[in-house]
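*Asks:* What follows is a protein structure lacking sequence information:
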Ligand SMILES: Cc1ncc(C[n+]2csc(CCOP(=O)(O)OP(=O)(O)O)c2C)c(N)n1
């Protein structure tokens with residue numbers, strides 16, 4: 001590769017001339033001369049200015065290898081073409097280029113679509129359950145189902161997932177049940193987190209899904225660190241995928257994660273869900289460059305931008321990224337473009353900062369569910385009858401699960417002080433004792449009958 005550069009061409013010619021001269025020398029002199037020439041050939045970064053390449057000179061500073069120019073020119077976001085958006089289907093679910101249609105069997109395609117529908121029913125019912133005061137908080141995923149299912153279907157179950165909070169479809173596709181997810185939202189005694197986290201902060205060791213952290217960006221350097229650990233395992237065949245939003249990409253941790261991933265050559269897919277908003281901050285106020293994707297090449301990341309409303313395109317992108325990252329131990333950045341159709345969360349009212357027309361524009365033609373359904377219909381795998389039957393079953397599952405979750409007791413209050421230390425330190429034991437006495441004294445103020453007891 002080094003021989004492609006201008007500096008190396010000059011060296012190569014000089015080497016040829018020297019080699020001809022050496023031919024006529026004694027064997028001792030010849031050996032010394034060859035050693036010196038090889039050393040010189042390998043010393044590519046010793047002088048800033050090294051060679052002539054056409055008319056311009058190539059600078060070889062330790063920090064940059066680039067041509068010298070005498071015309072001053074600043075570079076900005078308009079100096080480059082925008083990174084194009086890869087897609088496979090049009091808005092009617094028709095394949096644009098047959099060569100790009102993924103080779104997925106009927107059962108897999110139907111399972112993908114069913115999971116998307118299940119997810120949207122779960123969103124609808126849990127959102128309403130928060131409005132009715134049954135759970136404390138919820139976040140919907142409308143408009144981003146294609147990113148969840150397209151990516152999850154391209155991964156191996158053994159790959160490790162770090163998510164933000166708006167990727168529950170990935171949990172569903174990897175086999176977490178609606179019951180497990182609803183138990184977490186209700187914080188009941190079957191929630192593995194024992195009710196200590198806010199709703200939607202899922203995690204599952206069994207499914208290789210790291211528990212979600214609220215502070216934005218937390219998962220990003222962690223994901224890179226995990227990928228670095230995988231790379232050190234001989235014959236590694238696993239990768240890490242890290243989901244994050246366009247808002248989270250503005251955190252300092254995002255930059256640290258990208259740079260570590262590139263410089264440490266980590267098998268990690270950094271997947272940005274660019275849904276246009278970070279709560280009320282539109283992307284026009286979030287960044288001035290060409291989205292998140294443009295940061296990839298700048299930092300040495302293999303980068304692709306994909307239509308996140310096209311489930312097949314996301315599938316292809318993540319599959320190719322996975323193959324690449326595992327084979328080469330190099331990170332990939334994928335920016336999946338979509339639109340956050342719902343409010344940010346149950347604590348938000350997006351009508352304060354965007355118009356109904358804007359939302360309609362994205363729900364009308366760009367629904368990932370609709371596009372995928374049309375694709376399945378064209379293939380003869382789905383019709384109005386199957387849609388109706390599955391929609392009912394998916395809805396009933398959530399309603400039934402919610403009713404069961406509600407009846408389950410909350411964890412024993414003592415759990416709030418457990419699980420941090422292997423042996424509870426004296427100060428926590430003291431707090432536990434004080435709380436016990438307090439509850440004995442004022443039982444009428446605490447709904448203890450709703451919690452599990454000792
Ligand atoms: C460090 C930190 N700062 C601020 C917040 C508050 N916060 C929660 S979600 C959010 C928006 C994140 O937007 P984005 O990453 O684009 O994801 P999206 O919600 O759009 O899926 C903000 C600012 C936080 N949780 N953590």
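*Replies:* Yes, it's here. Every value quoted in this text rests on a predicted model; they were computed, and no experiment measured them.
*Asks:* where exactly do the helices run in the stretch 351-454 of the chain?
*Replies:* Assigned by DSSP state H, counting those that start in this stretch, the helices in the stretch 351-454 of the chain fall at 356-365, 368-379, 384-407, 426-441.
*Asks:* for the stretch 101-250 of the chain, same thing?
*Replies:* Ranges of helices within the stretch 101-250 of the chain are 106-131, 145-152, 168-173, 178-186, 219-231, based on DSSP H, counting those that start in this stretch.
*Asks:* quick revisit: can you tell me which of the helices of the stretch 351-454 of the chain is most buried?
*Replies:* Highest mean neighbour count among these (mean count of other Cβ atoms under 10 Å): helix 368-379, with a mean of 20. Every residue, glycine included, has its C-beta placed from N, CA and C.
*Asks:* I would like the residues contacting it, please.
*Replies:* 89, 91-95, 106, 109-110, 112-113, 116-117, 120, 143-147, 308-312, 338, 382-383, 387 (Cβ atoms under 8 Å, 6 or more residues apart in numbering).
*Asks:* Show me what residue of the stretch 251-400 of the chain gets nearest to the ligand.
*Replies:* residue 278 (3.2 Å; Cβ to the nearest ligand atom).
*Asks:* Could you check how far that residue is from residue 305?
*Replies:* With distances taken as Cβ to Cβ, to the nearest Å, residue 278 is found 19 Å from residue 305.
*Asks:* Quick check: residues of the stretch 101-250 of the chain near the ligand?
*Replies:* 166, 214, 215, 216, 245, 246, 247, 248 (Cβ under 6 Å from any ligand atom).
*Asks:* The same query, at a cut-off of 8 Å, please.
*Replies:* 139, 144, 164-166, 214-218, 244-249 (Cβ under 8 Å from any ligand atom).
*Asks:* Please indicate which of those are buried?
*Replies:* Neighbour-count burial (16 or more other Cβ atoms under 10 Å) applied to those gives 139, 144, 164-166, 216-218, 244-249.
*Asks:* Tell me which two of these sit farthest apart.
*Replies:* Using Cβ to Cβ, these span at most 19.9 Å, a distance reached by 144 and 218.
*Asks:* For this protein, give me the ranges with low pLDDT.
*Replies:* Scanning the chain for pLDDT under 70 picks out the ranges 1-55.
*Asks:* isn't residue 337 right up against residue 84?
*Replies:* No: if you go by Cβ atoms under 8 Å, residue 337 and residue 84 don't touch, sitting 10.9 Å apart.
*Asks:* so what's in contact with those two at the same time?
*Replies:* Between them, residue 337 and residue 84 share these contacting residues under Cβ under 8 Å, 6+ apart: residue 305.
*Asks:* Show me which of those two is the more surrounded one.
*Replies:* residue 337 (25 against 10; other Cβ atoms under 10 Å).
*Asks:* List the residues that contact the more buried one.
*Replies:* Residues near residue 337 by Cβ under 8 Å, 6+ apart: 85, 274, 291, 305, 306, 307, 308, 309.
*Asks:* again, only using 6 Å
*Replies:* By Cβ atoms under 6 Å, 6 or more residues apart in numbering, the contact set of residue 337 is 85, 274, 307, 308.
*Asks:* can you count the residues close to the second one?
*Replies:* Neighbourhood size, residue 274 [other Cβ under 10 Å]: 25.
*Asks:* can you give me phi and psi for it?
*Replies:* Reported as degrees, to the nearest 10, the phi and psi values for residue 274 are phi -90, psi 100.
*Asks:* What's the separation between the closest residue to the ligand within the stretch 151-300 of the chain and residue 216?
*Replies:* Across the stretch 151-300 of the chain, no residue is closer to the ligand than residue 245, which sits at 2.2 Å (Cβ to the nearest ligand atom). Residue 245 sits at a distance of 8 Å from residue 216 (criterion: Cβ to Cβ).
*Asks:* Same check on residue 319?
*Replies:* 28 Å.
*Asks:* Can you give me the domain boundaries for the protein?
*Replies:* Domain assignment of the chain by automatic domain parsing yields the ranges 2-67, 98-407, 413-450.
*Asks:* Need the winner for burial among those domains.
*Replies:* Among the domains of the chain, highest average neighbours (mean count of other Cβ under 10 Å) belong to domain 98-407, with a mean of 19.
*Asks:* what's the first-to-last distance across that domain?
*Replies:* Domain 98-407 has an end-to-end distance of 51 Å (Cα to Cα, to the nearest Å).
*Asks:* Pick out the most distant pair among the residues of the stretch 101-250 of the chain next to the ligand.
*Replies:* Largest separation among these by Cβ to Cβ: 144 and 215, giving 20.8 Å.
*Asks:* which ones are touching the residue nearest the centre of the chain?
*Replies:* By Cα atoms, centre = their mean, the chain has its centre lying nearest to residue 243, at 2.0 Å. Contact analysis of residue 243 by Cβ under 6 Å, 6+ apart lists 163, 164, 167, 271.
*Asks:* Same check on residue 220?
*Replies:* 242, 244, 253, 254, 257.
*Asks:* Surely the first one is in contact with residue 222?
*Replies:* Right, the one you point to is residue 242. No: the criterion here is Cβ atoms under 6 Å, and residue 242 misses it with residue 222 at 8.1 Å.
*Asks:* Apart from its neighbours in sequence, what residue is nearest residue 274?
*Replies:* residue 246 (4.4 Å; Cβ to Cβ, 6 or more residues apart in numbering).
*Asks:* No further questions, thank you.
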